[in-house]
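> Just the structure for this:
(2 chains)
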Amino acid sequence: AQSVAQPEDQVNVAEGNPLTVKCTYSVSGNPYLFWYVQYPNRGLQFLLKYITGDNLVKGSYGFEAEFNKSQTSFHLKKPSALVSDSALYFCAVRDRDGNNRLAFGKGNQVVVIP
Amino acid sequence: DGGITQSPKYLFRKEGQNVTLSCEQNLNHDAMYWYRQDPGQGLRLIYYSQIVNDFQKGDIAEGYSVSREKKESFPLTVTSAQKNPTAFYLCASTVLGNQPQHFGDGTRLSIL
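This next block holds a predicted model:
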């Protein structure tokens, strides 16, 4: 069964500093990987995905993520964090069979300090 | 605008009562999903449907029921058998394949 680990409960970063949110996954075969962001009392918003091709994926709002097959990781990064990036971030994985089910990590709260 | 609409935004359930959460999408998506979100636990899949008149149990289906009579609608009923229903419920949809799921803005269910 597919699974995701997001090892840190909360990530604190000063505004303007680089932001990294970690994600490791477990899946049989090659994965589809996704990052989502959630603001309070809202649904999840899609940020970016890895399907195939370049290991560095660029997404919305200046975010990017690097797929590392040997380390089974898909860390989310942003070169310069904004206060408005403070939110809950979820990594998700699914395998390439036909069931279209995603497995989500427990989420990371990001706090950007002004 | 295309999107997913969940209603109501807040819902209160009395002891022994069944309640139904609505989810409607106008994205022409094939697949629809229901998740439960509890603090610190991420999203857990309750039920999903990839085609009209068919649905499958997710990881925590006990105490819940669904129907998929129309492509655009996937209501979730929280039955009295669900003893701990207080949570934030999220509906999502997607086209089949490798596309991301799109989410509604959720329904927060509480017990009176």
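> beta partners of residue 33?
I'll assume chain A. Beta bridges link residue A:33 to residue A:50, residue A:93, judged by DSSP bridges.
> Let me rephrase: I mean chain B.
When residue B:33 is checked against DSSP bridges, its beta-bridge partners turn out to be residue B:48, residue B:92.
> Run through the residues that contact it.
Applying Cβ atoms under 8 Å, 6 or more residues apart in numbering or on different chains, we find residue B:33 in contact with B:45, B:47, B:48, B:49, B:58, B:91, B:92, B:93, B:94, B:101. Every C-beta, even on glycine, is put in place using the N, C-alpha and C of the backbone.
> Could you tell me how many residues sit around the nearest residue to the first one once chain neighbours are set aside?
It refers to residue B:45. In space, residue B:45 comes closest to residue B:58 once its chain neighbours are excluded; the distance is 3.2 Å by Cβ to Cβ, 6 or more residues apart in numbering or on different chains. Per other Cβ atoms under 10 Å in any protein chain shown, the neighbour tally for residue B:58 reads 18.
> Repeat that for residue A:71.
The burial count assigned to residue A:71 is 10, neighbours taken as other Cβ under 10 Å.
> That one contacts residue A:24, doesn't it?
Yes: here residue A:71 lies in contact with residue A:24, judged by Cβ atoms under 8 Å, at a distance of 7.3 Å.
> Point out the residues in chain B that sit beside chain A.
B:4, B:6, B:31, B:35, B:40-43, B:45, B:48, B:50, B:56, B:58, B:88, B:90, B:92, B:94, B:96, B:98, B:100-106, B:108 (Cβ under 8 Å from any Cβ of the partner chain).
> re the thing from before, from what I can see the residue nearest to residue B:45 touches residue B:36, true?
No: if you go by Cβ under 8 Å, residue B:58 and residue B:36 don't touch, sitting 9.1 Å apart.
> Residues in contact with both of those two, list them for me.
Listed contacts common to residue B:58 and residue B:36 are B:44, B:46; contacts here mean Cβ under 8 Å, 6+ apart.
> contacting residues around residue 2?
Since you didn't name a chain, this refers to chain A. A:25, A:26, A:27, A:28, A:31, A:93, A:94, A:95, A:101, A:103.
> ah, no, chain B please
Counting by Cβ under 8 Å, 6+ apart, residue B:2 makes contact with B:25, B:26, B:27.
> So the last one: helix, strand or coil?
Same thing as residue B:27. Secondary structure for residue B:27, judged by DSSP: H, G, I helix; E, B strand; the rest coil, is coil.
> Run a quick neighbour tally on it.
The tally of other residues near residue B:27 (other Cβ under 10 Å) stands at 13.
> now swap in residue B:42 and tell me
Burial measure for residue B:42: 20 neighbouring residues, criterion other Cβ under 10 Å.
> these two touch, right, it and residue A:90?
Yes: proximity of residue B:42 to residue A:90 meets the contact threshold set by Cβ under 8 Å, at 6.6 Å.
> what residues do those two have in common as contacts?
Overlap of the contact sets of residue B:42 and residue A:90 (by Cβ under 8 Å, 6+ apart) consists of A:104, A:105, A:107.
> Filtering those residues by proximity to chain B, which remain?
On the criterion Cβ under 8 Å from any Cβ, A:104, A:105, A:107 are the entries of the shared contacts of residue B:42 and residue A:90 that sit beside chain B.
> which one of those has the most neighbours?
residue A:107 leads those on contacts (other Cβ under 10 Å) with 26 neighbours.
> ok so, going back, what sits against the residue nearest to residue B:45?
With contacts taken as Cβ under 8 Å, 6+ apart, residue B:58 has the following neighbours: A:101, B:33, B:34, B:44, B:45, B:46, B:47, B:48.
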